[in-house]
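>>> my questions are about this predicted structure, shown below with the sequence.
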Amino acid sequence: MISRTKLVQLKGFLKKQKYIKLVYLFGSSARNEEGPLSDIDIAVFLDKKLSKLQRHQKHLFLIKEFIEQDYTIRSAVERNFQLASTRDSRYLPELNFPCL
């Protein structure tokens with residue numbers, strides 16, 4: 001379960017990102033039904049003026065920030081991470097996760 005403090009921090013972080021136009025909470029947190037193992041589900045909509053590449057870059061930046069800000073998220077990603085495929089193995093060090 002995510003603490004209210006973390007939610008406030010997350011909201012503040014998202015508000016600072018001017019390219020984010022809409023954010024909404026869904027799932028158990030939105031229904032006030034969180035349990036001890038609940039995560040937080042959010043949808044983030046970016047400015048339509050951004051190119052497709054810019055939107056992808058912004059989404060990757062946000063994912064990286066979310067993971068770095070919460071150790072429990074990072075450890076869950078690391079435990080459940082499986083590389084599906086890669087066209088260029090030079091990008092693997094950027095993942096910063098152990099890969100088989």
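That came in fine, so what should we check first?

>>> who does the longest helix belonging to the chain touch, helix- and strand-wise?
When the chain is parsed with DSSP state H, its longest helix is helix 52-69. In terms of contacts (3 or more C-beta pairs under 8 Å, 6 or more residues apart in numbering; DSSP states H and E), helix 52-69 is packed against helix 4-16, strand 41-46, helix 71-80. Backbone N, C-alpha and C define where each C-beta goes, glycine included.

>>> what's the angle from the second one to helix 4-16?
This points to strand 41-46. Angle of strand 41-46 versus helix 4-16, following axes from the mean of the first three to the mean of the last three C-alpha atoms, to 10 degrees, is 10 degrees.

>>> contacting residues around strand 41-46?
With contacts defined as C-beta atoms under 8 Å, 6 or more residues apart in numbering, strand 41-46 is touched by 10, 14, 19-30, 55, 58-59, 62.

>>> can you do 10 Å?
The contact list for strand 41-46 (C-beta atoms under 10 Å, 6 or more residues apart in numbering) reads 7, 10-11, 14, 17, 19-30, 54-56, 58-59, 62-63, 66.

>>> that strand - which strands sit beside it in the sheet, and in what orientation?
As defined by DSSP bridges, the strand partners of strand 41-46 come to strand 20-26 (antiparallel).

>>> follow-up on the earlier one: return the set of buried residues in the longest helix of the chain.
55, 58, 62, 66-67 (16 or more other C-beta atoms under 10 Å).

>>> avg pLDDT for that helix?
The average pLDDT for helix 52-69 rounds to 87.

>>> swap in stretch 23-30?
Averaging pLDDT along stretch 23-30 yields 85.

>>> alpha carbons of it, in PDB - could you do that?
Extracted C-alpha coordinates of stretch 23-30, given in PDB (Å, rounded to 0.1, in the frame of the first residue of the first chain):
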ATOM      1  CA  VAL A  23      -3.400  12.200 -14.700                       C
ATOM      2  CA  TYR A  24      -5.900   9.900 -13.100                       C
ATOM      3  CA  LEU A  25      -5.900   7.300 -10.400                       C
ATOM      4  CA  PHE A  26      -7.700   4.000 -10.900                       C
ATOM      5  CA  GLY A  27      -7.800   0.600  -9.400                       C
ATOM      6  CA  SER A  28      -7.900  -0.200  -5.700                       C
ATOM      7  CA  SER A  29      -6.400   3.100  -4.600                       C
ATOM      8  CA  ALA A  30      -9.100   5.000  -6.400                       C
END
